[in-house]
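**Q** Sequence plus the predicted model coming up.
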Amino acid sequence: MAFGDLKTDKGVDALDKFLKDHSYISGYQPTQADLQTHQGLAKTPDVKYSHALRWYNHIKSFSDAEKKAFPAGGACPMKTAAPTTAPPAKNDDDDVDLFASDEEDDAEAEKIREERLKAYADKKSKKPVLIAKSSVVLDVKPWDDETDMEEMQKHVRTIEMDGLVWGASKLVPVGYGIHKLQIMCVVEDEKVSVDLLVEEIQKFEDFVQSVDIAAFNKI
Amino acid sequence: MNVNIIKCLMQVASYLKVQPGKIQIGSNLIPVRTINDSTTKGFVSIIFEMLKEAKCNFTNPLDIAEVRQWLEYCIVYTARADGSQNIENMLKELNNLLSTKTYLVSYKMTVADIVLYYMLHNVMGNLSYLDKEKYLHVSRWFDNLQQNSLVRQKNTIVDFKTNYLIVAAPVKH
């Protein structure tokens, strides 16, 4: 595996992606490859590279004696990989740039492009946006037969979200005098996550034992 | 999820290379281990006794405390998690925690990792590839453990290959 130049963000990013599902660089135990990659890093990886950071802290935790005892791993990614970052572009006048264009041209092209983009955006905004909606039937189950179903229904209906509309509901007998609440709702797919809705309902712990999705239809 | 606690303890004993003795489930579902006329009751106590016999001593009191807590977590939550909702919550929790850690306790593999590996083996084996990717950190931790043949013993290897393809494809080799 090659991570490129670990001194650059690009290299760290590649390392981070690799470590997403690997605990170590090579194989399933710490090796010299880990050490060399560790030393190759210019600084502690940024928090946004969470996987690389986790690995960095893990390797850092070993003492020097332990580090020496690591078995030799696969080829060191640092040595096998040529830096993937391109050398900074030079501004030599001698260079013949086939795609070069005058700055005036650039400005004009930019203007035309912007105009077109604006026209496109205008056109797009006039078009009615199709809103994807789903009709969902939820089964809300109480703890026992003593749960006040009316009260439960009131609580469930208090949940308000942008793009959520509650529909009809009924009580369905489950057995032993226990009823479950079947409630319909219409959600806008983009705005409401059904998982979130289910979690929200389950927050009424006093009434609700569990929530299932009984039916889910795209409208 | 039905975790076979006796089987789990047997595997731990075999990993630590100690005599498992006679392990059975006593009253109140508490495992009881009988060896050389002495009996030990309780999951966590049995494992700590095995550790003592195997002469695995922790030096750091904080680590001991953490291992003990993890073992309690295993027996109280993991072993009794049934229903997809509970298992899902547990995996979410573990995934969150393992996102910053390579092993559960400190920076090394401890008996806590091993016990949790045995307990989760069934669950991980039944997960779909999509779920495996969803709980990526748990999968990574699990995969790393199962590659150790001492830990794995006779358990089957859970396949994470598709996982690799999806995740590793953008990385240029």
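**A** Structure received.
**Q** where does chain A come near chain B, residue by residue?
**A** A:1-2, A:14, A:17-18, A:20-24, A:27-28, A:50, A:53-55, A:57-58, A:61-62, A:84, A:210 (C-beta under 8 Å from any C-beta of the partner chain). (C-beta placed from N, C-alpha, C; glycine too.)
**Q** Please work out the average pLDDT along the one helix or strand A:Lys123 maps to.
**A** Using DSSP states H and E, A:Lys123 sits in helix A:103-126. Averaging pLDDT along helix A:103-126 gives 77.
**Q** which stretches of chain B form strands?
**A** B:22-25, B:31-35, B:38-41 (DSSP state E).
**Q** Would you mind telling me which of those is nearest chain A?
**A** Closest approach to chain A among those is made by strand B:22-25 (28.5 Å; C-beta to the nearest C-beta).
**Q** Describe which strands that closest one pairs with in its sheet and in which direction.
**A** With DSSP bridges as the test, strand B:22-25 is paired with strand B:31-35 (antiparallel).
**Q** which other residues reach the partner strand?
**A** The contact list for strand B:31-35 (C-beta atoms under 8 Å, 6 or more residues apart in numbering or on different chains) reads B:5-6, B:9, B:19-26, B:39-43, B:46, B:49.
**Q** Weed out the non-buried ones from those.
**A** Buried subset of the contacts of strand B:31-35 (neighbour count, 16 or more other C-beta atoms under 10 Å in any protein chain shown): B:5, B:9, B:20-21, B:23, B:40, B:42-43, B:46, B:49.
**Q** remind me which residues of chain A are low pLDDT?
**A** A:1-2, A:73-105, A:126-130 (pLDDT under 70).
**Q** What is the least confident helix or strand in chain B?
**A** Least confident helix or strand of chain B, by mean pLDDT, DSSP states H and E, is helix B:161-168 with a mean of 54.
**Q** Excluding chain neighbours, give the residue nearest to A:Ala42 in space.
**A** A:Lys7 (4.4 Å; C-beta to C-beta, 6 or more residues apart in numbering or on different chains).
**Q** Run through the strands of chain A in chain order.
**A** Using DSSP E, the strands of chain A run over A:133-142, A:164-175, A:178-188, A:208-218.
**Q** Which residues belonging to the longest one are considered buried?
**A** To tie it back to what came earlier, the one meant is strand A:164-175. For strand A:164-175, a neighbour-count test (16+ other C-beta under 10 Å) marks A:164, A:169 as buried.
**Q** now the angle from it to strand A:208-218?
**A** 120 degrees (axes from the mean of the first three to the mean of the last three C-alpha atoms, to 10 degrees).
**Q** Which residues are in contact with residue 67?
**A** Here I'm looking at chain A. A:Lys67 neighbours (C-beta under 8 Å, 6+ apart): A:Leu35.
**Q** The intended chain is chain B.
**A** Contacts for B:Val67 were tallied using C-beta under 8 Å, 6+ apart; they are B:58, B:105, B:110-112.
**Q** Also A:Leu35?
**A** By C-beta under 8 Å, 6+ apart, the contact set of A:Leu35 is A:59, A:67, A:70.
**Q** how close does the second one get to chain B?
**A** Applying C-beta to the nearest C-beta, to the nearest Å, the value for A:Lys67 to chain B is 12 Å.
**Q** Leaving out chain neighbours, which residue sits closest to B:Tyr117?
**A** B:Tyr117 sits nearest to B:Leu145 (C-beta to C-beta, 6+ apart), 4.7 Å away.
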